[in-house]
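Asker: Provided below for reference: sequence and predicted model.
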Amino acid sequence: MSMAVRTKVLSALGSLFFLTLVGAAVYCSGQKILSLPFRATNDHLHQRGAPVTLDFLIPGGTYIDEKMTIEDVARIRFAAPKDRVEVFVRRLSESVPVKYRLLGTGILYLFYVFLFLAFFRVFTWARYTTALSLSFLLGAVVYYFMPDMIMGRWDDAFFLVWSLAFLGTLGWYRRRRRARAAAA
């Protein structure tokens with residue numbers, strides 16, 4: 001191996017090591033924070049006059065004893081259905097067969113993509129590949145935040161990953177084409 005290749009490999013390994021180290025530190029500190037007792041921590045934040053307290057995590061109508069951790073309270077807060085409309089939509093969604101929910105989900109995502117594609121082509125004069133790739137991404141972002149026929153986040157994550165993979169493939173293809181043009 002040449003010296004330049006060794007330097008690149010060592011710098012990449014060093015960066016990977018530090019990224020792993022930072023990720024482990026964030027994970028461990030997050031676990032430590034989530035394992036703290038909720039009431040004592042929230043009372044301490046109130047006594048200090050902290051700008052952010054844990055009051056937003058307290059679910060309505062739930063008694064929180066001294067033994068509950070921040071993680072327990074957060075699970076109770078975010079696991080319970082929020083209102084009657086969500087419960088109604090969930091029950092209605094579960095009564096529709098899965099293949100029709102998947103079909104409706106795909107059509108809804110493609111509708112958002114079509115709206116962004118029309119916008120980019122009409123108002124920005126972007127090329128089709130650029131407009132389509134941005135439309136896939138922005139359609140996935142809109143789909144992520146809008147209510148849909150499949151409860152959960154797997155379909156939302158799928159569309160986001162698909163759009164990012166499409167953007168990555170397009171970028172790779174453009175770099176490859178430029179490298180070939182420069183070599184010729």
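Answerer: Everything's here; your move. Numbering: from 1, shown residues only.
Asker: stretch 29-49: how far from the chain's middle?
Answerer: 26 Å (Cα atoms, centre = their mean, to the nearest Å).
Asker: and that stretch, what's buried?
Answerer: 37, 38, 39, 42 (16 or more other Cβ atoms under 10 Å). C-betas here are computed from N, CA, C, even on glycine.
Asker: pLDDT on that stretch, on average?
Answerer: For stretch 29-49, mean pLDDT is 88.
Asker: now it - C-alpha only, PDB.
Answerer: The C-alpha coordinates for stretch 29-49 follow below in PDB (Å, rounded to 0.1, in the frame of the first residue of the first chain):
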ATOM      1  CA  SER A  29     -26.000   9.100  28.900                       C
ATOM      2  CA  GLY A  30     -29.500   8.700  27.400                       C
ATOM      3  CA  GLN A  31     -29.900   5.500  29.300                       C
ATOM      4  CA  LYS A  32     -28.700   7.100  32.500                       C
ATOM      5  CA  ILE A  33     -31.100  10.000  32.100                       C
ATOM      6  CA  LEU A  34     -34.100   7.700  31.300                       C
ATOM      7  CA  SER A  35     -33.400   5.600  34.500                       C
ATOM      8  CA  LEU A  36     -33.600   8.700  36.800                       C
ATOM      9  CA  PRO A  37     -36.700   8.800  39.100                       C
ATOM     10  CA  PHE A  38     -39.300  11.100  37.500                       C
ATOM     11  CA  ARG A  39     -40.700  13.000  40.400                       C
ATOM     12  CA  ALA A  40     -37.400  13.700  42.100                       C
ATOM     13  CA  THR A  41     -35.900  14.900  38.900                       C
ATOM     14  CA  ASN A  42     -38.900  17.100  37.900                       C
ATOM     15  CA  ASP A  43     -39.100  18.600  41.500                       C
ATOM     16  CA  HIS A  44     -35.300  19.400  41.300                       C
ATOM     17  CA  LEU A  45     -35.800  21.100  37.900                       C
ATOM     18  CA  HIS A  46     -38.700  23.200  39.300                       C
ATOM     19  CA  GLN A  47     -36.700  24.200  42.400                       C
ATOM     20  CA  ARG A  48     -33.800  25.400  40.200                       C
ATOM     21  CA  GLY A  49     -36.100  27.300  37.900                       C
END
